[in-house]
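Peer 1: structure, please.
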Amino acid sequence: MARDFLKALKERPLLFDGATGTMLQRLGLKPGGCPDELSLADPDMVKKVHGVYIEAGSDIVTTNTFGANRIKLREYGLEGRLREMNIAAAGCARAAAGERFVAGGIGPTGRFIEPVGDMDFASVLEVFIEQAGALKAGGADLIIIETMMDLKEMKAAIMAARSTGLPVAATMTFDETLRTVLGTPPESFAIVAASLGADVIGANCSLGIEGIYKAVLAMSRVVSTPLIAQPNAGIPALKGKETVFPATAEEMASFVPKLVEAGVRVLGGCCGTT
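Peer 2: Reported below is the predicted structural model:
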């Protein structure tokens, strides 16, 4: 059966999965370990996370590849296994998802593009083209770009994702002032992402669902592109040595009608969500 994400998006609202990293930690990922490597080292653990989200009703699961780009993997000495790792991650997601959708996840490099940082645009574009191509080869149905803070890096990621021919969802992360770390407001991001051809635009991480709602509402005023909301389970707090996400499922669900009214067609969760 052919899987057509954009066709499904027109027919009804779609549900993404929730957090991957915090779920893997619950299942035994050691602090300081490379989460992306688990798709090779312990694929059953990764499939288990995807599987419980499918059981909970997710239409889409995201590959365990948030940091599986050349720059991030170099920190672990794993850059040589990049293609293998991304293909394996897509395979884990597909095994659990069956005929539901697999989103190839792309996260930031952890470095900034000049003049703020030391990376040049062409090099970052190449990094993302490499990862996006591997995710497509592994069987991803779409690409989702998550937790970006640098609009230039987001541009590179969207261009790279579009080069695969797959649908593209793009999300940035905002603080309580509704700005990214480098000062980009939601409206500016939305206009740029729409102009670059992103099929779904929105916000993820950092804020709880109320803050994410404010961010996507601002986007809805300047673009007609379908929106995606993937909030954390509240703003995290450190209690002892444990990071706690305070929002309950009921609190988060109470915002869903508002999100739909604002134009959200795709809803999922980020850190701390289950």
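
Peer 1: which residues of the chain fall in helices?
Peer 2: Here the chain has its helices, by DSSP state H, at 5-11, 21-27, 38-41, 43-55, 70-74, 82-97, 121-137, 151-162, 186-195, 209-220, 249-253, 256-261.

Peer 1: counting by contacts, list what the first one packs against.
Peer 2: Right, helix 5-11. Identification of packing neighbours for helix 5-11 by 3 or more C-beta pairs under 8 Å, 6 or more residues apart in numbering; DSSP states H and E yields no helix or strand. From N, CA and C alone the C-beta is placed, and that goes for glycine too.

Peer 1: let's see it at 10 Å
Peer 2: Contacts defined by 3 or more C-beta pairs under 10 Å, 6 or more residues apart in numbering; DSSP states H and E place helix 5-11 against strand 101-106, strand 142-148, strand 168-172, strand 200-204, strand 264-267.

Peer 1: now the fourth one
Peer 2: Contacts defined by 3+ C-beta pairs under 10 Å, 6+ apart place helix 43-55 against helix 21-27, helix 38-41, strand 60-62, helix 82-97.

Peer 1: okay, those, which one's buried deepest?
Peer 2: strand 60-62 (a mean of 27; mean count of other C-beta atoms under 10 Å).

Peer 1: gap between that strand and the chain center?
Peer 2: 9 Å (C-alpha atoms, centre = their mean, to the nearest Å).

Peer 1: can you check stretch 153-171 too?
Peer 2: 12 Å.

Peer 1: turn the helices of the chain into CSV, including mean pLDDT and distance to residue 176.
Peer 2: Output for these, formatted as CSV (pLDDT from 0 to 100; distance: least, C-beta to C-beta, whole Å):
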stretch, mean pLDDT, distance to residue 176
helix 5-11, 96, 30
helix 21-27, 85, 21
helix 38-41, 95, 32
helix 43-55, 96, 28
helix 70-74, 97, 26
helix 82-97, 98, 32
helix 121-137, 98, 28
helix 151-162, 98, 19
helix 186-195, 98, 13
helix 209-220, 94, 6
helix 249-253, 87, 17
helix 256-261, 93, 18
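
Peer 1: now those helices as JSON lines including distance to residue 111?
Peer 2: Shown next, in JSON lines, are the helices of the chain (distance: least, C-beta to C-beta, whole Å):
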{"stretch": "helix 5-11", "distance to residue 111": "30"}
{"stretch": "helix 21-27", "distance to residue 111": "20"}
{"stretch": "helix 38-41", "distance to residue 111": "23"}
{"stretch": "helix 43-55", "distance to residue 111": "26"}
{"stretch": "helix 70-74", "distance to residue 111": "6"}
{"stretch": "helix 82-97", "distance to residue 111": "16"}
{"stretch": "helix 121-137", "distance to residue 111": "8"}
{"stretch": "helix 151-162", "distance to residue 111": "8"}
{"stretch": "helix 186-195", "distance to residue 111": "19"}
{"stretch": "helix 209-220", "distance to residue 111": "24"}
{"stretch": "helix 249-253", "distance to residue 111": "32"}
{"stretch": "helix 256-261", "distance to residue 111": "32"}
